[in-house]
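Peer 1: mind folding the following:
(one chain, ligands or ions: 1)
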Amino acid sequence: MAELTHTPVLLSETLDLLNLEANKHVIDGTLGLGGHSEAILKKIGPKGKLMAFEQDERNLKEAKKRLKKYEKQCLFIHSNFEHLAEVVSKHAFQPDAIFLDLGLSSPHIDDPERGFSFLKEGPLDMRFDKRQKLTAEKVVNTYSEKDLADIIFHYGEERHSRVIARAIFKARKAAPIKTTTELARIIGKTIRSKGKIHPATRTFQALRIYVNRELEVLESVLEQSLKLLKKGGRLVVISYHSLEDRLVKNFFRDQTRNCICPKELPVCQCNFQKKLYILTRKPIIPDGIEVSHNPRSRSAKLRAAEKL
Ligand SMILES: C[S@@+](CC[C@H](N)C(=O)[O-])C[C@H]1O[C@@H](n2cnc3c(N)ncnc32)[C@H](O)[C@@H]1O
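Peer 2: Numbers count the residues shown, from 1 in each chain. As a prediction, the model looks like this:
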């Protein structure tokens, strides 16, 4: 198998905002191939500790190899980060900083067998964690036309969702849709997209988000992170599409309010207290040099906050 590689995105900005120094305890919720984690470990020195989650078995194995010399300082967890609180309490780990670099790693896109890319023929899989039962193939071939349209609309922000769902429904009556390129062809024959983006882009994004429950687990991990972080601890999140970024932005904003009562109430009754200070008024994005070296970084948006 070819060597797996992934270039860490916004690395120096991430390290700065995590506010790392010797002996800190850090959680990397999305280890990937360990690029960010390696840099974090260098910063926190030999007495620092890293807890790292990764739900993809192959990435986890590669990252462990890469971080072998730090293994005594690391706790590797083969799990979805939605189990953060449970794992943290089991290991009595108190994080000074939590980092999330969401979504796919390069090996997911490069390996056609994972089914994430419509440019290469592969099975319609799209699972980050192969222990999971639900695949994109099951969604595409067994969900009702309405459910398919809703998924494509909500998670792909695709305005042609109904036409696409109808075309999928019609095509699968003749024979089940098994591969990425078959699905892309059906969509390509149904709609035209504006500009450079392939007509299947939004549908593929929607299926991936749905199959991996990406928004649901993100919402949950943000809530958990806020509770687990030490006072003054940092939460840094890199997202790659607008649905994720909006969720992070709104979560941060909601936690900076001192009252969440409806406007009509003359006196506060919620006693809500702000819990975060936002460190990035606007999201940080990669500059032209980074994008030219690593085009996959182009949609990245980094947001960071400090626990009060
Ligand atoms: C963008 S990559 C991270 C790359 C990493 N920062 C590096 O430098 O190599 C995202 C990784 O997080 C994993 N991942 C995504 N969502 C996850 C979740 N909910 N729980 C655990 N791992 C997740 C993916 O499998 C993928 O390997």
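Peer 1: how far away is the residue lying farthest from the centre of the chain from the ligand?
Peer 2: In the chain, residue 266 marks the outermost C-alpha relative to the chain mean, sitting 39.7 Å out by CA atoms, centre = their mean. Residue 266 sits 42 Å away from the ligand, going by CB to the nearest ligand atom, to the nearest Å. Just so you know, the C-beta spots here come from the backbone N, C-alpha and C atoms, and that holds for glycine as well.
Peer 1: quick thing: my sequence starts at 559, can you match it?
Peer 2: Taking 559 as the first residue, the last one we looked at is residue 824.
Peer 1: please settle this for me: is that residue part of a strand?
Peer 2: No - in this structure, residue 824 is coil, not part of a strand, as judged by DSSP: H, G, I helix; E, B strand; the rest coil.
Peer 1: retrieve the pLDDT associated with it.
Peer 2: At residue 824 the predicted local confidence, pLDDT, stands at 88.
Peer 1: cool, and residue 811?
Peer 2: Reported pLDDT for residue 811: 95.
Peer 1: how about the closest residue to it other than its chain neighbours, phi and psi?
Peer 2: On the basis of CB to CB, 6 or more residues apart in numbering, the spatially nearest residue to residue 811 that is not a chain neighbour turns out to be residue 836, at 7.6 Å. In terms of degrees, to the nearest 10, the main-chain angles of residue 836 are phi -80, psi 130.
Peer 1: from the ligand, how far out is residue 836?
Peer 2: Residue 836 sits 22 Å away from the ligand, going by CB to the nearest ligand atom.
Peer 1: domain ranges for the chain?
Peer 2: Using automatic domain parsing, the domain parsing of the chain gives 569-665+773-865, 691-769.
Peer 1: any idea how far residue 731 lies from residue 673?
Peer 2: 22 Å (CB to CB, to the nearest Å).
Peer 1: who's more crowded, those two?
Peer 2: Set side by side, residue 731 and residue 673 give different neighbour counts by other CB atoms under 10 Å, the larger being at residue 673 (26 against 8).
Peer 1: so who does that one touch?
Peer 2: With contacts defined as CB atoms under 8 Å, 6 or more residues apart in numbering, residue 673 is in contact with 680, 681, 682, 683, 684, 693, 694, 695, 738.
Peer 1: pick the one among those closest to residue 599.
Peer 2: Comparing these against residue 599 with CB to CB picks out residue 684 as the nearest, at 30.8 Å.
Peer 1: list the contacts of the host helix or strand of residue 584.
Peer 2: Per DSSP states H and E, residue 584 falls inside strand 583-586. Surrounding strand 583-586, the residues in contact under the criterion CB under 8 Å, 6+ apart are 576, 578, 594-595, 598, 602, 606-611, 642, 646, 651-657, 659, 783, 786.
Peer 1: so where is the protein shaky, pLDDT-wise?
Peer 2: Low-confidence regions of the chain, defined by pLDDT under 70, span residues 559-560.
Peer 1: again, 90 this time
Peer 2: Along the chain, the parts satisfying pLDDT under 90 run over 559-564, 664, 668, 750-755, 815-831.
Peer 1: interface residues of it facing the ligand?
Peer 2: Counting by CB under 6 Å from any ligand atom, the chain comes close to the ligand at 564, 566, 588, 590-594, 611-614, 617, 638-639, 659, 661, 663, 686, 775.
Peer 1: quick one on the thing from earlier: helices and strands around the helix or strand that the strand holding residue 584 is followed by, which ones?
Peer 2: Counting by DSSP H and E, the next helix or strand C-terminal to strand 583-586 is helix 593-602. Other helices and strands packing on helix 593-602, by 3 or more CB pairs under 8 Å, 6 or more residues apart in numbering; DSSP states H and E, are helix 569-576, strand 583-586, strand 607-611, strand 655-659.
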